[in-house]
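Student: sequence first, predicted model second:
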Amino acid sequence: MYICKKDFKMINEVRNTVLSILNKNNYGYISPSDFNLFAVNAQMEIYEEYFSSYNKVVNAENARSSGTDYADIESPIAETLETFLKTSYLSHIGGNSFSAPSITTTGDTAYYILKLITHSTLLVSGTNTVLVPIGLGDSTASFLSDGISQGDIVVNTSTDNAASVVSVVSNNAIILDSDIFTATPENYKIFSQVAKEADKVSVGKITMLNSSLLTSPSNIYPSYTLEGNRIKLYPSTINDYGQIECVYFRHPLPPKWTYITLASGEPVFDQSQADYQDFELPEEDAYKLVTKMLEYCGMSIRETEVTQFGMTQQSHEQPTFSVQQ
Amino acid sequence: MAYLSQYQYYDNDGNQPQDANWGSYQYVSLEDIVNNYLLMYSGNHSLVNNEERYKILFHAKRAIQELNYDAFKEVKVLELSVADSLRFVLPSDFVNWVRISLYKNGWLRPLTENIQVLSSKAYLQDQQGNILFDIDGNILEPQYSNIDFDRLTKTKKSIYLNRGHQFDGMEGWCFNGDWYFEKRFGLNTETANFNPTFNIDKKAGVINFDSSMAGESCILEYISDGMEGGDNSLITVNKLFEKYIYAYITYEILNSKLGVQEYIVARARKEKTALFRNSKIRISNIHPGRLLMNLRGMDKIIK
């Protein structure tokens, strides 16, 4: 389980181990660029296995073949997965369409969208008139009388940035949890912190759902569809930046073993480089990463023994629990 | 949803309307029901799993509708004045009627449903009885049918012993000092009612009255389906039925799901029906005080 920050560089350990095994039998050498390519795939494979393992554990629990306390095998898997959970405001494309998490909008991509949270109630809108340190200042506003309270969502609609209300200082000033107003005049909207969860509906069903008298999407029961990289919210009155928070499992960052080259031409690990990125998986997955990497390396250097060794080791790593049908 | 403070309950936090929260503790909102169901009865380790929320919402609303039809005793009441059109437009949330009364001179007089028709459509016809059409092929209709015209002009006769009766206002015969307008013996008690009568035209969405109701005040007691005009935030259900609604949702989902063993469906059905009976007993509010009131009338001498 990976909760605490690792105090060693796992990627270097994995690379050293892989190279040691390869060198031991004179199988060959793997270049840093090849290693980095294989590392991305190996990490992704293990990441995906966590989801399928979680499903198997749930089935095992339902079959009463899992315990609690030290026999609880669900929690460690869930906790590992939860380290990849992230919440971001979705970028507004237009109308009721929002962009799914992407490198350009949220800085990462979503492996799986867990849920969408909507804030449909607009409390106040206006334009800031003065700059307040990490806050919002509007001499024409009446924040206190308008019922703005801690936790409400403030959106700078000029720059599409959002923050939460930390405290309402006066009718004209609010303190926020991040500095989203850096100039005047900038337009803002404040949405109520009251959140509703949007239900994911398939594109095939949404037309019928919208026509349904009893279950058509409403502000209390909003729905969304996912088409490509576009998320559409229903009812279509949910149509502003700051109204949608997306909770999702992001893809792990691509690992990168960075180095400097000595005069002899030998690459030496250098973690100080800007594009350095360690594996994001827990420490106990180092063994799995090594075996996966060996499998890829064996294919690369055409040594089937290395591949078979890697696969054999992985088969030993398979979860030992099973669900009897 | 948080519990209300006393100030919120009695005075709505000083806001208008003051009575917004009165009696609200009897009810649980639709939002709470769906939320509680998803939290407590649905998930990886529950019988109900992998169901979209809109299905839960649908079954919750259907349960509330069914309860409104035949379990709740939540009768809505609307008073309107009946104009010369002799019509009472049904309320927008009307599903069925319970009682229709005339309110006059401080008295509430329950009305009788007319066993005959009071209103009709009509088509224009020529001398030979052929139906007339316009150039688009649509049938031409008069403003009123004859029966409607007579009713509105107060010339339609009534089989009831009210103002439209054929002998109303007419002289009869005197025997032993009493006046008779029709035979006293063999009186049709079904029509022996002095009050105005009505018919409900459900498709047209109106209650039609006979001419004696013109200008009178009518009180309609009716039931709705509890959907509050489609505003999900206003839909509530009595707490006595909360567990039944959860059981209803579970049963409906399991019953329509492929591959669920029959004994599980049967178990869900039994739980649902048992809870329904329990809830009906609860809401019927049988308690000693009420029984005592009934028993007190036990020894009354009936003449």
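Tutor: Sure thing, it's come through.

Student: what parts of chain A come near chain B?
Tutor: Counting by C-beta under 8 Å from any C-beta of the partner chain, the residues of chain A lying close to chain B are A:58, A:61-62, A:197, A:199-201, A:209, A:212-215, A:218, A:220-221, A:223. Any C-beta I mention is one placed from the backbone N, CA and C, and that applies to glycine too.

Student: buried subset of those residues?
Tutor: A:58, A:61, A:199, A:200, A:201, A:209, A:215, A:218, A:220, A:221, A:223 (16 or more other C-beta atoms under 10 Å in any protein chain shown).

Student: now the fourth one. Nearest residue, chain neighbours left out?
Tutor: By that I understand residue A:200. Of all residues not flanking residue A:200 in the chain, residue A:224 sits nearest, at 6.0 Å (C-beta to C-beta, 6 or more residues apart in numbering or on different chains).

Student: beta-bridge partners for the residue nearest the centre of chain A, please?
Tutor: Central residue of chain A (C-alpha atoms, centre = their mean): residue A:250, 2.5 Å from the mean position. Per DSSP bridges, the residues bridged to residue A:250 are residue A:110.

Student: can you pull the contacts of it?
Tutor: A:84, A:85, A:86, A:101, A:108, A:109, A:110, A:111 (C-beta atoms under 8 Å, 6 or more residues apart in numbering or on different chains).

Student: look up how far chain B lies from it.
Tutor: Distance, residue A:250 to chain B, using C-beta to the nearest C-beta, to the nearest Å: 23 Å.

Student: again, but for residue A:135
Tutor: Distance of residue A:135 to chain B, computed by C-beta to the nearest C-beta: 28 Å.

Student: count the neighbours of that residue for me.
Tutor: 23 (other C-beta atoms under 10 Å in any protein chain shown).

Student: the residue nearest to it when sequence neighbours are not counted in helix, strand or coil?
Tutor: Among residues not flanking residue A:135 along the chain, residue A:175 sits closest, at 4.5 Å (C-beta to C-beta, 6+ apart). Assigned with DSSP: H, G, I helix; E, B strand; the rest coil, residue A:175 falls in the strand class.

Student: contact partners for residue A:175?
Tutor: The contact partners of residue A:175, by C-beta under 8 Å, 6+ apart, come to A:132, A:134, A:135, A:165, A:166, A:167, A:168, A:169.

Student: if we go to 7 Å?
Tutor: Applying C-beta atoms under 7 Å, 6 or more residues apart in numbering or on different chains, we find residue A:175 in contact with A:134, A:135, A:166, A:167, A:169.

Student: please apply the same query to residue B:194.
Tutor: Counted by C-beta under 7 Å, 6+ apart, residue B:194 has contacts B:161, B:162.

Student: 10 Å - rerun?
Tutor: When contacts are counted by C-beta atoms under 10 Å, 6 or more residues apart in numbering or on different chains, residue B:194 touches B:109, B:112, B:160, B:161, B:162, B:163, B:165, B:168, B:212.

Student: roughly how far does residue B:88 sit from chain A?
Tutor: To chain A, residue B:88 is 26 Å away according to C-beta to the nearest C-beta.

Student: and for that residue, the neighbour number?
Tutor: Neighbours of residue B:88 using other C-beta under 10 Å come to 22.

Student: how about it, secondary structure?
Tutor: Applying three-state DSSP: residue B:88 is strand.

Student: if we can go back for a sec, now render the buried ones among the residues of chain A next to chain B as CSV, adding pLDDT.
Tutor: CSV is the format used below for those (pLDDT from 0 to 100):
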residue, pLDDT
A:58, 93
A:61, 90
A:199, 95
A:200, 96
A:201, 96
A:209, 97
A:215, 95
A:218, 95
A:220, 95
A:221, 96
A:223, 97
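
Student: what pLDDT does residue 292 get?
Tutor: Defaulting to chain A. Listed pLDDT for residue A:292 reads 90.

Student: should've been chain B
Tutor: 84.

Student: now the helix or strand where it lies, how far from the centre of its chain.
Tutor: Using DSSP states H and E, residue B:292 maps to helix B:288-296. The chain centroid and the centroid of helix B:288-296 are separated by 28 Å under C-alpha atoms, centre = their mean, to the nearest Å.

Student: just the buried positions in that helix, please.
Tutor: For helix B:288-296, it's none, nothing buried (16+ other C-beta under 10 Å).

Student: which outside residues touch it?
Tutor: Outside helix B:288-296, the residues that touch it by C-beta under 10 Å, 6+ apart are residue B:284.

Student: can you tell me which residues in chain B are near chain A?
Tutor: B:29-31, B:34-35, B:38, B:43-46, B:49, B:52-62, B:65, B:227, B:230-233, B:235 (C-beta under 10 Å from any C-beta of the partner chain).

Student: recalculate using a threshold of 8 Å.
Tutor: So far as C-beta under 8 Å from any C-beta goes, chain B lies against chain A at B:31, B:34, B:44-45, B:52-54, B:57-58, B:61-62, B:227, B:230, B:232-233.

Student: of those, keep whichever come out buried.
Tutor: Buried among the residues of chain B next to chain A by 16+ other C-beta under 10 Å: B:31, B:34, B:52, B:53, B:54, B:57, B:58, B:61, B:62, B:227, B:232.

Student: widest-spaced pair of these?
Tutor: Spatial extent of those (C-beta to C-beta) is set by the pair B:52 and B:227 at 20.4 Å.

Student: can you count the residues close to residue B:93?
Tutor: 17.

Student: repeat for residue A:230
Tutor: 13.

Student: how far away is it from chain B?
Tutor: Counting by C-beta to the nearest C-beta, the gap from residue A:230 to chain B is 20 Å.

Student: now do the contacts for the closest residue to that residue other than its chain neighbours.
Tutor: Counting by C-beta to C-beta, 6+ apart, residue A:97 is the residue found nearest to residue A:230 once chain neighbours are left out, at 5.2 Å. Shown in contact with residue A:97 (C-beta under 8 Å, 6+ apart): A:230, A:231, A:232, A:233.

Student: pull out the buried residues from those residues.
Tutor: A:231, A:232, A:233.

Student: contacting residues around the last one?
Tutor: The neighbourhood of residue A:233, defined by C-beta under 8 Å, 6+ apart, consists of A:96, A:97, A:98, A:116, A:118, A:198, A:222, A:223, A:224, A:239, A:243, A:244.

Student: out of the residues of chain A next to chain B, who's nearest residue A:181?
Tutor: Nearest to residue A:181, judged by C-beta to C-beta, of those is residue A:197 at 29.2 Å.

Student: run the chain-centre distance for the host helix or strand of that closest one.
Tutor: Element membership for residue A:197, per DSSP H and E: strand A:196-200. Centroid displacement of strand A:196-200 relative to its chain, using C-alpha atoms, centre = their mean, is 18 Å.

Student: repeat for stretch A:236-247
Tutor: On C-alpha atoms, centre = their mean, the centre of stretch A:236-247 falls 18 Å from the chain's centre.

Student: could I get the buried residue list for it?
Tutor: So for stretch A:236-247, counting by 16+ other C-beta under 10 Å, buried means A:238, A:239, A:240, A:241, A:242, A:243, A:244, A:245, A:246.

Student: and stretch B:81-99, by the same measure?
Tutor: Using 16+ other C-beta under 10 Å as the test for burial, stretch B:81-99 gives B:82, B:86, B:87, B:88, B:90, B:93, B:94, B:95, B:97.

Student: re the thing from before, pLDDT at the residue nearest to residue A:135, what is it?
Tutor: With respect to pLDDT, residue A:175 scores 96.
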